[in-house]
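>>> here is my input; please provide its structure:
(chains A, B, C and D)
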Number of protein chains: 4
Amino acid sequence: MLPFANDYSRGAHPKVLQALVDTNMDAQPGYGQDDYTKRAAEKIKTACQMPEAEVFFISGGTQTNQVVISNLLDGDEGVVAADSGHINFHEAGSIEYTGHKVLTLPGVDGKVTANNLQTYLDDWQADENHGQMVAPGMVYISYATEVGTLYSKQELADLSKVCRANQLTLFMDGARLGYALMSPENELSLADIATYCDVFYIGGTKVGALAGEAVVFTHQNVPMRFTTKIKRQGAMLAKGRLIGVQFDALFTDNLYFKISQHAIVLAMKLKQALKDKGYQFLIDSPTNQQFVVVNNSQLEKLKKQVDFSFWEIVDSTHTAIRFVTSWSTTEDEVAALIAIL
Amino acid sequence: MLPFANDYSRGAHPKVLQALVDTNMDAQPGYGQDDYTKRAAEKIKTACQMPEAEVFFISGGTQTNQVVISNLLDGDEGVVAADSGHINFHEAGSIEYTGHKVLTLPGVDGKVTANNLQTYLDDWQADENHGQMVAPGMVYISYATEVGTLYSKQELADLSKVCRANQLTLFMDGARLGYALMSPENELSLADIATYCDVFYIGGTKVGALAGEAVVFTHQNVPMRFTTKIKRQGAMLAKGRLIGVQFDALFTDNLYFKISQHAIVLAMKLKQALKDKGYQFLIDSPTNQQFVVVNNSQLEKLKKQVDFSFWEIVDSTHTAIRFVTSWSTTEDEVAALIAIL
Amino acid sequence: MLPFANDYSRGAHPKVLQALVDTNMDAQPGYGQDDYTKRAAEKIKTACQMPEAEVFFISGGTQTNQVVISNLLDGDEGVVAADSGHINFHEAGSIEYTGHKVLTLPGVDGKVTANNLQTYLDDWQADENHGQMVAPGMVYISYATEVGTLYSKQELADLSKVCRANQLTLFMDGARLGYALMSPENELSLADIATYCDVFYIGGTKVGALAGEAVVFTHQNVPMRFTTKIKRQGAMLAKGRLIGVQFDALFTDNLYFKISQHAIVLAMKLKQALKDKGYQFLIDSPTNQQFVVVNNSQLEKLKKQVDFSFWEIVDSTHTAIRFVTSWSTTEDEVAALIAIL
Amino acid sequence: MLPFANDYSRGAHPKVLQALVDTNMDAQPGYGQDDYTKRAAEKIKTACQMPEAEVFFISGGTQTNQVVISNLLDGDEGVVAADSGHINFHEAGSIEYTGHKVLTLPGVDGKVTANNLQTYLDDWQADENHGQMVAPGMVYISYATEVGTLYSKQELADLSKVCRANQLTLFMDGARLGYALMSPENELSLADIATYCDVFYIGGTKVGALAGEAVVFTHQNVPMRFTTKIKRQGAMLAKGRLIGVQFDALFTDNLYFKISQHAIVLAMKLKQALKDKGYQFLIDSPTNQQFVVVNNSQLEKLKKQVDFSFWEIVDSTHTAIRFVTSWSTTEDEVAALIAIL
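Residues are numbered from 1 along each chain as shown, chains lettered A, B, ... in the order given. Sure thing, here's the model as predicted:
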């Protein structure tokens, strides 16, 4: 089966795995106090061009969203997200588990827009009963979004401006950040993101690591005793080095960006081939997820040779499916998929 | 100022208050173990024609929703509600506070329909990732709804059927149950409600009591050690008699229904007068809440003489407002309001 | 049966109930925005000689502890209490329900001492793993304590000093505050308590009200949007007037203190009679709870005529029981109890 | 520095790491649905001689305790543990975070005894107010305990009997299970543990893995939709294979037991040497943690050459410290430590 269902079906990039092998027998302190973790944090701060940033490492995306959101919101605050936001759908209610409501706005190509946000805030303010409503405390966005789209620099700047004018924390979920940054349509640098966001994470699990996400706080806004809070939420690894070593490798010689680029080049090759063959796209995605409409007889045929994701029913005879490339996708796999389609 | 803003602006119905006075110096056990509470529970069971029902008393509506929903849902389940549902908007995130997501369906005149529910359940089932989504465990409806509308008997029966076919608890918020049951358009009896719902509450706070709601479990489905659970959520009054005595009075000589009827008669009189004067209604409500569109100059004039609720902006020159009658509204107050309009 | 089991077996003090009757038909805003609630708050601030204090009203003691503690602690902090503290035993885990640990110290006559607290803090600081331990954020004390004892002025001052030196909030549970303040051994005024504590509550449920506790914040330390937080925890009454009217009455003409005094005079009369008859006391209590050791044959006899509380087994032939007086206890009841003993 | 501070200072056992390397490029489903995870589960069931067992994998010990305890307790239940239990001290309040109280019993050499448990249950039952107390729902024990001690077979059987007679779930934290099972004083097999416990976990993080614990449910007592619950608590890795592959390796050719044995042999060698040199032990531990009393001048000298853990102050001139061996400790390191001591 050709593995296009997701970007986490294989282990780690070989250089990342090699780093784990090379450092394996070095005795180090636990709980993220090891040298590798410190080194990875420094490299990330450099990549963000932000020496004052603070970096923490957490095992997975849902956990990262949960830990960051719950600790940056005040008790009665909720987090604003696009209705298609990952925290709203596919994280099993992990934000509500921490006691906070996800306040949804209609997404525009999966994005929260400054206009929609401002309207929401105005309505909330105007409601004479807003004292009995959840107060917005944060805005959650994903880059790339769950449907593979990107924010332009202007869009992110506008959103950031509305957030700052209203004391809302702007948090970016970067589970697929590498694939976003390497898109031909990307306008943002890591430094831009660090400037516009209050906190964001650089995804490792989907971009070459076995597990791990790097959370970046951009302006001394780390919650008090944050490592204790991480611990009480069960999110602290005894061998924090597991993530530190991997990010140290990913941020050496631009590995993170190179392997993301590889996935994007292949995704664009696939996209062009699909276009050439006359396929319709559900969404025009410039990143490593491609959403294609197929008729149902094709669907059945594909199932026998390709691992892909069901996305949604389009009509009684058509279905939208998702193909995903990653750092581990090969030229041959893409060629084989194109041949089948 | 004429008091039409809500149905909780005055104290208790005089007979309810008299019952508190009459029983005041009788020493009784605490925590709902007193004779009055037991007697009130018996009367409610009789009124529901359901001797096997079990009745508990809780101070207010938000607290009741919170205690019932959180203790009847399994850990990872959410509660389905209309997007206009009280638990979704005006209870400050009290359900999410208990760790559960409110799963919203588009309301039809403020109602959850069997069709919308079935579609939602089918979609959830069809999603190959539903193992990473909040599982529906309960359906929350209000009777009357937040916008004053009613379920027909058929609508409730259909909804109940879908719930039972899918192991979903059907919970009715009856904060304004008296006003619903006395509406000229009502088709349901308390016995019908007890038959179709798994749990519901009979609102006291808005229908003649100082505080208190009566929760009815209809088929031995009370959570284990429920009083301990009520206690740990801070919802147990030491002097449980406060609520028991009031419901004992409300369910003596049909007081609950008579005083609700009073409010409905006045609401219908107001509605007819508004119609006669050519006012537009935002919603056609057969209960004690009337939603009327006024132009903004009228709005300003009204503000000086009447307490009403702002509901929503209709257009740049019109606003929808809400007038509410209650057990305590007088004929004179309605006449005065009609005169002003 | 003579009612000595607790101090919440009857309704409200007649003057409190009369106030509810007198104000009943006055239409007022909901959610604690009514005039009576405002007036009660003003009277309490005057009684505390602290015009800058801020006062909130909540229905019961467990709920008050829950709302205050959970909203004043930071996420990973716990609350320090004596092992006999009410929040540690008889509130069904309501603090843990909000996600916070109760950190227990051995009580000295039911009290947290400055020395024990300092030792605990030193040990916590010294533990190199305290980053993986719950951080103390508040100290919870009761006045009177759960075993009827009192803090001296020096004891409270010392405790307050340790708290302030360590950024710990000092919170006093005053469920029986009236009975403490009127004890012959009391050294504290309301003003002293307001000075030494960061937040405390004045109990109404056990001191003449049907329900209600008045929380006093002493130095602009009310949590942001506190009423919204109260609402989301289900602790906001629509008819907030129910509590406001009662406290307005309790703090008119020193009613709160006079009725507490009444209970204390009777408790001291009972205590003296028990002493004279040669009874042993489990604890030497100067307040309205008296803990007496009886032999088991007496115990059985008493059960037939008196409602009291079982406290603990002393040895195979003796049991400690509790007699409680209140604002509603009569001279005749005490005389009858003494006659039986 | 000689690494004796803990058992998680190095990476993975070389064979475990090699398994990660060998399987790295094999595309597999996510979220624990991969072949390696399934194979590891089968091997563990075989090792437990319990084909009907069900096995889940979670990243770390605190997270495992949190997920298991919170999902097996009913809402208002608490978990009984020794006061020295890991969940009570060094997990930052992670159980309370989930809303449940840790109910502590005085540990006997760090153990919960059947007698202490029975007494606790009797007292709880006898308290007429136990409806207002946290109900015990589970017993948590550690094997080896936090102070390195072991339960005898009889002790575990007795405890299991009391638990089953009282509908209490018996849960064993096996963070150091390998080191316990390989102790010369161990009387238990994995099959015994599976028989006596309702759920337990086999620790990987401290026994040769980079991360990961294997939870074993012994009698179809897995919570409904457990993987969704794991997800909502942030404890689900996208690449579940990371843990599956490692446990597959650990349970191949008895690797788990062999490497545990290695640590125990070295711990016993160290223990004997310490005895021979006349050192006092704080606790007589037959496992890989050794608690030794040193005088404070020795302490300072040791600090320069050895990484160890501070345990507690014994008196003004003596301190108890902890030396820990692991699968990665070498003969040379132990020899060097003995030479220094």
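>>> apart from its chain neighbours, what residue comes closest to A:Glu312?
Using C-beta to C-beta, 6 or more residues apart in numbering or on different chains and skipping the chain neighbours, the partner closest in space to A:Glu312 is A:Ala320 (5.0 Å). Just so you know, the C-beta spots here come from the backbone N, C-alpha and C atoms, and that holds for glycine as well.
>>> what about A:Gly85, how many neighbours?
27 (other C-beta atoms under 10 Å in any protein chain shown).
>>> in the helix or strand where the residue nearest to A:Glu312 lies, which residues are buried?
A:Ala320 belongs to strand A:318-324 when assigned by DSSP states H and E. For strand A:318-324, the neighbour count (16 or more other C-beta atoms under 10 Å in any protein chain shown) marks A:319-324 as buried.
>>> likewise stretch A:325-334?
A:325-329, A:333-334.
>>> try stretch A:127-147
A:130-147.
>>> what do you get for stretch A:173-191?
A:173-183, A:186, A:188, A:190.
>>> quick one: which of the residues you listed is nearest chain C?
For those, the residue nearest chain C by C-beta to the nearest C-beta is A:Asp173; the value is 20.9 Å.
>>> test my guess that the closest one contacts A:Ala82.
No: A:Asp173 lies out of contact with A:Ala82 (C-beta atoms under 8 Å); the separation is 11.0 Å.
>>> report the set of residues contacting both of those two.
A:Ile141 (C-beta atoms under 8 Å, 6 or more residues apart in numbering or on different chains).
>>> farthest-separated two in the buried residues of strand A:318-324?
A:Thr319 and A:Val324 (16.4 Å; C-beta to C-beta).
>>> neighbouring contacts of the helix ranked longest in chain A?
The helix that spans the most residues within chain A, counting by DSSP state H, is helix A:255-276. Applying C-beta under 8 Å, 6+ apart, the set of residues contacting helix A:255-276 from outside is A:7, A:13, A:15-16, A:178-179, A:181-184, A:202, A:207-208, A:249-250, A:281, A:285-290, A:292, A:323, A:325-327, A:329, A:331, A:334, A:337-338, A:341.
>>> tell me the residue in chain A that is farthest from the middle.
A:Glu128 (36.5 Å; C-alpha atoms, centre = their mean).
>>> list the contacts of the residue nearest in space to the middle of chain A.
Geometric centre of chain A, nearest residue: A:Ala175, 2.2 Å, by C-alpha atoms, centre = their mean. Going by C-beta under 8 Å, 6+ apart, A:Ala175 touches A:61, A:86, A:142, A:201, A:203, A:205-206, A:213.
>>> do A:Asp34 as well
A:Asp34 touches A:28, A:240-241, A:244, counting by C-beta under 8 Å, 6+ apart.
>>> for the stretch 1-150 of chain A, what lies in contact range of chain D?
A:1, A:3, A:5-6, A:8-12, A:14, A:17, A:20-21, A:23-30, A:59-63, A:66-67, A:91-94, A:97 (C-beta under 8 Å from any C-beta of the partner chain).
>>> now for A:His318: which residues touch it?
A:293-296.
>>> quick check, nearest of the buried residues of strand A:318-324 to chain C?
A:Val324 (35.6 Å).
>>> name whatever forms a beta bridge with that closest one.
A:Gln289 (DSSP bridges).
>>> hmm, it is touching A:Ala5, no?
Yes: between A:Val324 and A:Ala5 there is a contact under C-beta under 8 Å: 6.7 Å.
>>> which residues do the two both contact?
Common neighbours of A:Val324 and A:Ala5 (C-beta under 8 Å, 6+ apart) are A:Ser309.
>>> buried set for the worst-scoring helix or strand of chain A on mean pLDDT?
Using mean pLDDT, DSSP states H and E, the weakest-scoring helix or strand in chain A turns out to be strand A:309-315, at a mean of 93. By neighbour count on 16+ other C-beta under 10 Å, the buried set for strand A:309-315 is A:309-311, A:314.
>>> nearest residue to A:Asp127 other than its sequence neighbours?
Going by C-beta to C-beta, 6+ apart, A:Asp127 has A:Met133 as its nearest residue, at 6.6 Å.
>>> mind listing what A:Gln305 touches?
A:Gln305 neighbours (C-beta under 8 Å, 6+ apart): A:1-2, A:340.
>>> coming back round to it: among the contacts of A:Ala175, which pair sits farthest apart?
Farthest apart among the contacts of A:Ala175 - using C-beta to C-beta - are A:Ser142 and A:Thr205, which lie 14.2 Å from each other.
>>> the stretch of helix or strand A:Asn65 belongs to close to chain B?
Element membership for A:Asn65, per DSSP H and E: helix A:61-72. No: using C-beta under 8 Å from any C-beta, helix A:61-72 never reaches chain B; the gap is at least 8.5 Å.
>>> ok, residues contacting that helix?
A:58, A:79, A:86-87, A:91-92, A:94-95, A:97-100, A:137-138, A:140, A:169, A:171, A:173, A:175, A:198-199, A:201, A:203, A:205-206, A:213, A:215, A:221, A:223, A:226, A:229-230, A:233, A:235, C:75, D:231, D:234-236, D:238.
>>> quick check, nearest of the buried residues of strand A:309-315 to chain B?
A:Phe310 (5.4 Å).
>>> relative to chain C, how far out is the nearest residue to the closest one once chain neighbours are set aside?
Nearest in space to A:Phe310, with sequence neighbours left out and distances taken as C-beta to C-beta, 6+ apart, is B:Glu128 at 5.4 Å. Remark: distance between B:Glu128 and chain C (C-beta to the nearest C-beta, to the nearest Å) = 34 Å.
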